[in-house]
Structure formats: structure tokens, C-alpha cells
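A.B. asks: Show me how the following folds:
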Amino acid sequence: MAFRDAGIEAVVFDWGGTLSTHATSVRVEELWRPAAAVLEAHTSHSRDEVWACLAATEDDFWQRTETHQRAGTLAEIVAEARDRLGVDVPDEALEAAALAYLDAWDPHIEHDTQGPPTLEAMRAAGLRTAMLSNTHWPREYHERFLVRDGLAHLLDARVYTCELEYMKPHPAAFEAALAAVGVSDPARAVYVGDRPFDDIFGAQRAGLRTALRTNPRVPAYDVAPDVEISGLPELLTHLGLEA
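C.D. replies: Numbers count the residues shown, from 1 in each chain. I've put the predicted structure just below:
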């Protein structure tokens, strides 16, 4: 019951790998192929070359978490890939490519079915709940699936780094989430995530309590969370609530 006597006011969740499950049926870089098919017609490059450039540009985007941690958007990633290819692509084609990429993700997005009852129990106990996601996807894309799976109304705030200046592990990202749920003392909030660096190190640096959802699919990092969990309902025990 690590958080029982800590005066916790809010619990903030990561999205990918925490509230949602990781896509295991496909290599995520393959999901850029529909976008490459859209852009190919506007370049002298092969579809595979366009695809490789899109995938590499996104990979470079995620490497920012280890450097300046500046956030960004899907539109910016597609535009940067265009610039790397050295081609002139009309804005409507860039928008169509971004949409094709998102459409490719649709069948692979699933949420943990233990999420809604866990959030319901927290809210019934008077806790505020929020989500903070490192993402370049637009808000409306995330929201569609949160509504579909009965999570949106259980989260008092949903904060997406595509709308912020910085992404996790930068303290500003966590500060934005705390502000969204009206928590002034970060020690009265718990951040739950599956990435030791982005989530746990970042949240601790911002002053939050931390719960690591163990996930062998993500890179390790030398950091000690307050608690480790394998499933979301375990949080209720650590908060002193009935699981």
C-alpha cells in the first residue's frame, strides 16, 4: 500500500503499453506503407524508398526523448520526410498520406479491458484521473478509440504531447498533466507508465510518485519506481482501495 497514506489526489496514466496494449501482430514501421503509396506518385523515388524515409523520420522523432525532448505532430513528420526526399509534394497529398498512416493503425489499437473498472474504482474513491501520452497523432484520433472502449468519460483530462512544447520525460509534460487535473503538489499524484525512462524517470524528476507497469518490450533504464505492477487493478491495492 505504497500510496495509502500519501494524500494522493490524482492518478495519471500513460497510454501506449499502459492503458492500451502494444501492437504485436505487426511491425509498426510497416504501417507507413500506405502513406508511402500515397506519396510515391509525387516523387521519382520508389515506394520502398519513400516508406524507408517515412519510417526513419519517425524513428528520429522518437529519439528526441533522449535529447531535447521537443514535441511534434504527425503533419510535421510527414513534411520532414518530404524535405528529406527533396521533392515538392502538395499539402493535400501530405494530409492524405498522414490519414493513410492513421487508417493503417485502426485494427491494431486495443485497450486493456481492466482499465475501465480500475478507473471507476479510483473515481468512486474521489481520485482525479488523467492520461498523458507521448504522441504525434492528433487528439481526435486518440479520442475516437477512448470513446469506443469506454475510457474517455473516466479520464478527467487527456493530455497529448502533440499539443505541447515538450514530451516526456521533460518535466513540462508532467506539469501540464497536473495542471489539467488541478493538482498543485506533484507528490500528491501518481504517474503510471511502462517506460522506465520516459515515464518513471521523467515523472520522478517532476516530483510525482510512480508506478511502473512492467513490460519486457520496452528499453530498460536504471530507475526505481515506488511500485511495480503487472496489471492495472494492482494499483487499487497500492492506493488502499479494494481491488
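A.B. asks: so residue 203, which of the three states?
C.D. replies: helix (DSSP: H, G, I helix; E, B strand; the rest coil).
A.B. asks: gap between the spatially closest residue to it that is not a sequence neighbour and residue 78?
C.D. replies: Nearest residue to residue 203 in three dimensions, chain neighbours excluded: residue 191, at 3.6 Å (Cβ to Cβ, 6 or more residues apart in numbering). Bear in mind the C-beta positions are built from the backbone N, C-alpha and C, glycine included. Applying Cβ to Cβ, to the nearest Å, the value for residue 191 to residue 78 is 30 Å.
A.B. asks: The two: who's more crowded?
C.D. replies: Taking other Cβ atoms under 10 Å, residue 191 and residue 78 do not tie; residue 191 has more neighbours (30 against 25).
A.B. asks: ok, and for whichever strand or helix holds residue 63, which residues are buried?
C.D. replies: For residue 63, the host element (DSSP states H and E) is helix 47-63. Neighbour-count burial for helix 47-63 flags 50, 51, 52, 53, 54, 55, 57, 58, 61 (criterion: 16 or more other Cβ atoms under 10 Å).
A.B. asks: and the nearest residue in space to residue 34 that is not next to it in sequence, how many neighbours?
C.D. replies: If the residues on either side of it in the chain are set aside, residue 34 comes closest to residue 100, at 3.9 Å by Cβ to Cβ, 6+ apart. Burial of residue 100 is recorded as 18 neighbouring residues (other Cβ under 10 Å).
A.B. asks: Next up, the contacts around residue 100.
C.D. replies: Residues in contact with residue 100, defined by Cβ atoms under 8 Å, 6 or more residues apart in numbering, are 34, 35, 37, 38.
A.B. asks: Give me the three-state assignment for the third one.
C.D. replies: Secondary structure of residue 37, reduced to three states by three-state DSSP: helix.
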